[in-house]
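Asker: Just need the structure, nothing else, for what follows:
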Amino acid sequence: MSPDQFQELLDRHGPDITGWPRADRQAAEALLAASSEAQARHRAALRLENDLASLPMILASDRLRRAVLDIPLDHPLPARPASPGLRLADAVRGAWRQWTAGLATATAALLLGVVMGANGLSPLPVDDDAKLAAAEPASDESSYLAGLVVGDITAETGP
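Answerer: Purely as a prediction, here's the structure:
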């Protein structure tokens, strides 16, 4: 496994390697034992997960919730006369309308996330090798790495 493949698995499955598929987990454990680059990427993923978990839960205001829920009411579909038989084109059109109705809610959620990110409400972690070196225990580095491999250590602790 290459460090890039390891990063892809980190992005897909998260930093808790114990929940990964067995073949990927074994290859990742071997790579973590041998590669300092993979160890740094794993530490960065752990920090990111901890940073995201520490963010406060921000709920949408009642006004925003009402505005999103009123979108279908503000743009109603015209009534159509009932046809004696349902054609394939009608079925596809109906499915398309259902799918796009949910798309409005997803778009509103995406817009809210972009606004939060642009306003600095969720800062991205900075990978600073000096901070990483200071956060690692100076003694018994092998037990620290073994803890990372088996998942005993779930968060970096500051000096």
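Asker: Quick one: low-confidence residue ranges for the chain.
Answerer: 79-86, 118, 120-159 (pLDDT under 70).
Asker: in it, which spans are strands?
Answerer: Counting by DSSP state E, the chain forms no strands at all.
Asker: Could you list the buried residues of the longest helix along the chain?
Answerer: In terms of residue count, the longest helix belonging to the chain (DSSP state H) is helix 88-118. Residues residue 108 are the ones in helix 88-118 that count as buried (16 or more other Cβ atoms under 10 Å). Where you see a C-beta, it was placed from the backbone N, CA and C, and this is true even at glycine.
Asker: can you count the residues close to residue 60?
Answerer: By the measure other Cβ atoms under 10 Å, the count of residues near residue 60 is 13.
Asker: from here on, count from 57
Answerer: I'll keep to 57 as the first residue from here, and by that count the last item is residue 116.
Asker: what sits against it?
Answerer: When contacts are counted by Cβ atoms under 8 Å, 6 or more residues apart in numbering, residue 116 touches 124, 168.
Asker: switch the cut-off to 7 Å
Answerer: Contact analysis of residue 116 by Cβ atoms under 7 Å, 6 or more residues apart in numbering lists nothing.
Asker: Repeat that for residue 109.
Answerer: Neighbour list for residue 109: empty [criterion: Cβ under 7 Å, 6+ apart].
Asker: For it, give its distance to residue 70.
Answerer: Residue 109 is 11 Å from residue 70, where distance means Cβ to Cβ, to the nearest Å.
Asker: Equivalent analysis for residue 159, please.
Answerer: Noted for residue 159: a distance of 27 Å to residue 70, by Cβ to Cβ.
Asker: what's the burial count for residue 71?
Answerer: The tally of other residues near residue 71 (other Cβ under 10 Å) stands at 22.
Asker: Thank you kindly, that will do.
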